[in-house]
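Visitor: Quick check, what structure comes out for this input:
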Amino acid sequence: MAKLYFYYSTMNAGKSTALLQASHNYGERGMRTLVYTAKLDDRAGGRIASRIGISAEARHFMPGQDLHAEIAAEHAAAPLACVLVDEAQFLTRAQVTELARVVDGLDVPVLCYGLRTDFLGQLFEGSAQLLAWADNLVELKTVCHCGAKATMVVRVRPDGRVETAGAQVEIGGNDRYVPLCRKHFRQALETGTA
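Guide: Residues are numbered from 1 along each chain as shown. Sure, this is the predicted structure:
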């Protein structure tokens, strides 16, 4: 029986690496996967790219796109073993529902990878819906500078100061985001330094 999975974490925990490995494993066994990433995040030129240097071509999703219809058409043309979605925090509520329909109606597993919260500790829309609807929730772990498990992320300006206001979405990497444990996250928001 297929399931909807949500693999979540903060930045720098290896979400894209895990997705690419899962897709590779299916492909190595002759099984077809469909891989998506958010059109919003164009840092890798439309590919899914890991910081450790591996990457793969991906389709793009954006708000308003009917993922169920697209995946159902692909599955009808040639059976899919799995659908993998990177940057799943950028899915809309409706798209998470569509992915659940893929699982329930087409019996195709869907593996979503994304951030749980933003730089202020607030849930992203896609993450909130996945936390509510996924069959399996899996936390991928990384560490804070203190060695504790990092569960939060702060956004820093070029001068190193922590941002405490701004748009929820700003695409960036290690130069803009720092993973922290909850204790150091709270301190960073209070003091303005990570």
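
Visitor: Can you tell me which residue is spatially central in the chain?
Guide: Among the residues of the chain, the one closest to the centroid is residue 114, at 1.8 Å (Cα atoms, centre = their mean).

Visitor: shaky segments in this structure?
Guide: For the chain, applying pLDDT under 70 flags the ranges 40-45, 47, 52-55, 171-174.

Visitor: Check the spacing between residue 119 and residue 150 real quick.
Guide: Distance from residue 119 to residue 150, counting by Cβ to Cβ, to the nearest Å: 13 Å. Any C-beta I mention is one placed from the backbone N, CA and C, and that applies to glycine too.

Visitor: so how many other residues sit close to the nearest residue to the residue nearest to the centre of the chain once chain neighbours are set aside?
Guide: With sequence-adjacent residues excluded and distances taken as Cβ to Cβ, 6 or more residues apart in numbering, residue 114 is closest to residue 88, at 3.3 Å. For residue 88, the neighbour count with other Cβ atoms under 10 Å is 32.

Visitor: I'd guessed residue 88 sits against residue 6; true?
Guide: Yes. With contact defined as Cβ atoms under 8 Å, residue 88 reaches residue 6; the gap is 6.9 Å.

Visitor: Identify the contacts common to those two.
Guide: When contacts are counted by Cβ atoms under 8 Å, 6 or more residues apart in numbering, the set common to residue 88 and residue 6 consists of 112, 114, 127, 130.

Visitor: can I assume residue 61 is in contact with residue 39?
Guide: Yes. With contact defined as Cβ under 8 Å, residue 61 reaches residue 39; the gap is 6.7 Å.

Visitor: Looking at those two, which is more packed in?
Guide: The residue with more neighbours, out of residue 61 and residue 39, is residue 61; 25 against 16, by other Cβ under 10 Å.
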